[in-house]
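**Q** Fold the stuff below for me.
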Amino acid sequence: MTYFHWLIRRTERKGGWDVFYGSLDKVTDRLVERGFDRMETEDAIETLVDKIKNGWELRRKPEFEDTANE
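**A** Coordinates of the predicted model:
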C-alpha cells in the first residue's frame, strides 16, 4: 500500500497517467485470472486512486504490527 500511495503521488507530480493505468490494466488482468470480478476490481482501484489524489494519507495500524518480539 505504501508503494501504491507513493506511485500515485509521483505520477501526479510528474505525469505519466497512461503508463500508470497501463500497468494497472495488467495487474487487473492477473486478478481477473485468479477469480476477481473485473468491474469491482477496477472500481476499487479507481476509488483508492481518487482518495489518494484528494489528500488521503496512510495511517499507522498498530493492530497489524508484529507483537512476536515483545
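**Q** and Gly35, which of the three is it?
**A** coil (DSSP: H, G, I helix; E, B strand; the rest coil).
**Q** For it, grab phi and psi.
**A** With angles defined as degrees, to the nearest 10, Gly35 sits at phi 100, psi 0.
**Q** Could you give the number of residues near it?
**A** Gly35 has 6 neighbours, counted by other Cβ atoms under 10 Å. For the C-beta atoms, the positions are set from N, CA and C on the backbone; glycine is no exception.
**Q** going forward can the numbers begin at 42, since that is how I track them
**A** Shifting the count to begin at 42 puts that one at Gly76.
**Q** Relative to Asp59, how far out is it?
**A** As judged by Cβ to Cβ, to the nearest Å, Gly76 and Asp59 stand 28 Å apart.
**Q** Strands of this protein, residue ranges please.
**A** Using DSSP state E, the chain contains no strands.
**Q** so where's it uncertain?
**A** Along the chain, segments meeting pLDDT under 70 span 42, 101-111.
**Q** one more time with 80
**A** 42, 98-111 (pLDDT under 80).
**Q** ranges for the helices of it?
**A** 43-55, 58-74, 79-94 (DSSP state H).
**Q** who wins for proximity to Arg100 among the ones you listed?
**A** Ranking the helices of the chain by proximity to Arg100 (Cβ to Cβ) places helix 43-55 first, at 11.0 Å.
**Q** Report the angle between that closest one and helix 79-94.
**A** 70 degrees (axes from the mean of the first three to the mean of the last three Cα atoms, to 10 degrees).
**Q** Please name every helix or strand in contact with helix 43-55.
**A** helix 58-74, helix 79-94 (3 or more Cβ pairs under 8 Å, 6 or more residues apart in numbering; DSSP states H and E).
**Q** These into a markdown table, with extra columns for distance to Leu48 and mean neighbour count?
**A** Below are the helices and strands packed on helix 43-55 laid out as a markdown table (distance: least, Cβ to Cβ, whole Å; neighbours: other Cβ atoms under 10 Å):
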| stretch | distance to Leu48 | mean neighbour count |
| --- | --- | --- |
| helix 58-74 | 7 | 12 |
| helix 79-94 | 9 | 13 |
